[in-house]
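>>> Take this sequence and fold it.
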Amino acid sequence: MKRLFALFITILSIAVLAACGSSTDSSGDATNGDSGDSGDSGEKETYTVATDANFKPFEYKDPDTGEMKGFDIDLMKAIADEAGFNVEFKSMQFDGLITGMQSGRYPLAIAGISITEERKESIDFSDPYYDSGLILMVQSDNEEIQSIDDVDGKEVGVKTGTTSEAYLKENTEAKIKAFPQIINAYMDVRNGRVDASLYDKPNVEFYIQESGEGELKTVGETLQGESYGIAMEKGSDLVEPVNEALATLKENGTYDEIYEKYFGKKPE
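Below is the predicted model of the structure:
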């Protein structure tokens, strides 16, 4: 009986020691687990970025791969990398993009979006990352339209939901023809179906250079100096990290490299 009791005590002692060992291991695992959890929490968040695939050289789809490319795309990727999150792009019509941002459907958007007081009422913007403006495009032999003062009564092509459409409505008596894609307005100018097109200067100049074939030109001054910003939901926690990342990219030269890649020169 004594032997059985001694054996029972021995087994109990071993069990207690094993339990202590388990507790220590468990504590060690918990520490590792905490590190693992911290690693999990350190995993990069992925945000959907709404964009428009028809705004060269800012954003466009590679016809061979279907991959999104452009100044805005590279800049957004660099900002995300600097700020510590991942991005995936979803392309759509520009007017749908703005609506989606205002409804909070998308956390981020980049598509040459002009910062305006009206838009700031329903969405937040990053600090400006590109200074732009509007410019008129006409056929090369058009002598009637020399500036925005000459478009009253003329048919002018614009892109639906853009600041160029709003500008014409507020400042002229032009006959506005709005298109889902600005390329259609450009082609209508070239083919004589509309008298002119008003749109963002860098895109107009890019189209004339790449596809104008000497048949198109810009006229008048740059109108309504505008700055592009990255759009975010109203009250978004992303505004500060995006601004900090953008500032860092401008300081360390990354912004200049991306700019030169798409515009052939460094920003002034």
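
>>> so Ser122 touches Gly235, yeah?
No - the pair Ser122 / Gly235 is not scored as a contact, 11.0 Å apart, by Cβ atoms under 8 Å. From N, CA and C alone the C-beta is placed, and that goes for glycine too.

>>> Of these two, which one has the most company?
Between Ser122 and Gly235, counting by other Cβ atoms under 10 Å, Ser122 is the more crowded of the two (15 against 9).

>>> quick one: contacts for Gln102?
Going by Cβ atoms under 8 Å, 6 or more residues apart in numbering, Gln102 touches 122-123.

>>> how far away is it from Ser126?
Using Cβ to Cβ, to the nearest Å, Gln102 is found at 16 Å from Ser126.

>>> swap in Ile145?
Counting by Cβ to Cβ - Ile145 and Ser126 are separated by 35 Å.

>>> Comparing the two, which residue is more hemmed in?
More neighbours surround Ser126 than the other of Ile145 and Ser126, with 24 against 19 (other Cβ under 10 Å).

>>> Report whether the expected contact of the more buried one with Ala245 is present.
No - with contact defined as Cβ under 8 Å, Ser126 does not count as touching Ala245 (9.2 Å).

>>> mind listing the strands for the stretch 151-268 of the chain?
Remark: strands assigned in the stretch 151-268 of the chain by DSSP state E, counting those that start in this stretch are 155-159, 175-179, 196-200, 216-228, 231-233.

>>> I'd like to know which of the ones you listed is closest to Gly84.
For those, proximity to Gly84 was assessed by Cβ to Cβ; strand 231-233 is nearest, at 16.1 Å.

>>> contacts for the closest one?
Outside strand 231-233, the residues that touch it by Cβ under 8 Å, 6+ apart are 98, 101, 104, 106-110, 113, 119, 123-126, 238-239, 242.

>>> How about stretch 73-82?
Identification of contacts with stretch 73-82 by Cβ under 8 Å, 6+ apart yields 47, 49, 51, 58-59, 86-87, 89, 108, 110, 129, 230, 242, 245-246, 248-249, 254-255, 258, 261-262.

>>> Let's see that with 6 Å instead.
Stretch 73-82 is touched from outside by 49, 59, 87, 110, 242, 245-246, 248-249, 254, 258, with contacts defined as Cβ atoms under 6 Å, 6 or more residues apart in numbering.

>>> could you dump that stretch to CSV, C-alpha only?
This file holds the C-alpha atoms of stretch 73-82, laid out as CSV (Å, rounded to 0.1, in the frame of the first residue of the first chain):
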residue,chain,number,x,y,z
ILE,A,73,-0.5,54.8,-60.6
ASP,A,74,3.2,54.8,-59.9
LEU,A,75,2.8,57.7,-57.4
MET,A,76,0.0,55.9,-55.5
LYS,A,77,2.1,52.7,-55.3
ALA,A,78,5.1,54.7,-54.0
ILE,A,79,2.9,56.5,-51.4
ALA,A,80,1.3,53.2,-50.3
ASP,A,81,4.8,51.6,-49.9
GLU,A,82,6.1,54.6,-47.9
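
>>> Return the distance of the closest residue to Leu198 other than its chain neighbours relative to Leu249.
In space, and not counting its chain neighbours, Leu198 is closest to Ser164: 4.4 Å by Cβ to Cβ, 6 or more residues apart in numbering. Distance, Ser164 to Leu249, by Cβ to Cβ: 28 Å.

>>> And Tyr207, by the same measure?
Taking Cβ to Cβ as the measure, Tyr207 falls 27 Å from Leu249.

>>> Same check on Gly214?
Look at Gly214 and Leu249: by Cβ to Cβ, they are 37 Å apart.

>>> With neighbour numbers in mind, choose between these two.
With neighbours defined as other Cβ under 10 Å, Gly214 and Leu249 compare such that Leu249 has more, 20 against 7.
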